[in-house]
Every structure is written in C-alpha cells, then in structure tokens.
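Student: Predicted model and sequence follow; I will ask about them next.
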Amino acid sequence: MKKLALIISLILSITIQAQTIYDYKVMDIEGKPFNLSSLKGKKVMLVNTASKCGLTPQFEQLQQLYTQFKDSNFVIVGFPTNDFYQQDPGSNDEIQSFCVKNYGVTFPMMAKIKVKGDSIEPLYQFLTNKSKNGLEDNEVKWNFQKYLINEQGQLVRVVGPRVKPMDMSILEWIRGK
C-alpha cells in the first residue's frame, strides 16, 4: 500500500510540475528554428511587439536595455503580433527592416505569431496558463507586454504593456536586487 501511495505521489508531482520556456521551439524572423533551450542560464524578457502601435517607441528602450545587459546573461526576445487592431500587418521581412532601420534592434526577433485566441502560439499558452507556467493565469493585454523569465527558464513576473523597459523594477530584477 505504501508503495502504491509513493508511486501515485511521484506521478502527481511529475504531471503538475510547471514547464519552462526550454520546452519550446519557435521560428525566428528569418524563418529558422530557434530553440529556447539555447537561453539556459540567462534572464530573459519575452515581449510581444508591433510596428504601428502607440507603444512602438518602446523598441528604443528595449534596445538600450539589451545593449546594456546582453553581456550580463540577459536577453530580450521579441515576438511580433498583429493581434491588436492589426498594428503589425507587415511580413517578417518588413518587420525586421522596420525594427533595424528605426530602432537599431539587435536583440533576437522571432517570426510573427498569435498571442491570443484559438491559434495562440504554444509558448504563449505556457506564458498565460498557471497550469503550465506555475505562476499565474494571465492574458496578453496589449502590445509590449513583458514576461520575465529566470535563469532556470521559469516565468517569474508579468509586466504590463505600459511599463517601460527601463523601469526601475525591471532594472532591479536584471541586476538581482
């Protein structure tokens, strides 16, 4: 009987264990596979972006943040989406050109995805479902919502779209304060 209880306990602990971003692969903006497990050991900010949004100027601070901390085990990964009032209707090539030309973006940008609705990207299913991320249920409210991921690939905080990338709370998180 004790063995059966132990087996059931082990099975339950395995099945309810939160996933990490390392369980996911996406396509980068050039159409190449990008395995998020390549980010192991880094703090990561995942952010859904748009080129024609009132918050688009956040690209400037995102790039500043990336430039300042990219050599300190920190990376930003951008995910263009057209989910909010069609504010990123362009192709992946057009989005990449826009980001580089207007904001000098050098952080990794992924292919355009869905961050809500029936066709939501599996990574964003993870980010928005407590049963998968172990932190909280949430929804992507708008473009430039930020998901902070620790060095073990776990979601640790969701930051609203209007909070700027250089906000003190984000800087303190990156610095480990």
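Tutor: Structure received. Numbering: from 1, shown residues only.
Student: which element follows the lowest-mean-pLDDT helix or strand in the chain toward the C-terminus?
Tutor: When each helix and strand of the chain is scored by mean pLDDT, DSSP states H and E, helix 2-15 comes last, with a mean of 59. Next along the chain after helix 2-15, taking DSSP states H and E as the criterion, comes strand 25-27.
Student: Just checking: what are the partner strands of that following strand?
Tutor: Using DSSP bridges, strand 25-27 pairs in its sheet with strand 33-35 (antiparallel).
Student: The partner strand: which residues count as buried?
Tutor: Within strand 33-35, the residues scored as buried using 16 or more other C-beta atoms under 10 Å are F34. To be clear about C-beta, it is placed using only N, CA and C from the backbone, and glycine gets the same treatment.
Student: Just after that strand, pick out the following helix or strand.
Tutor: Sequence order places strand 43-49 as the next helix or strand after strand 33-35, per DSSP H and E.
Student: Can you name every helix or strand that the following helix or strand past that next one contacts?
Tutor: Downstream of strand 43-49, the first helix or strand assigned by DSSP H and E is helix 58-69. Here helix 58-69 touches strand 43-49, strand 74-80, helix 92-103, helix 168-175, going by 3 or more C-beta pairs under 8 Å, 6 or more residues apart in numbering; DSSP states H and E.
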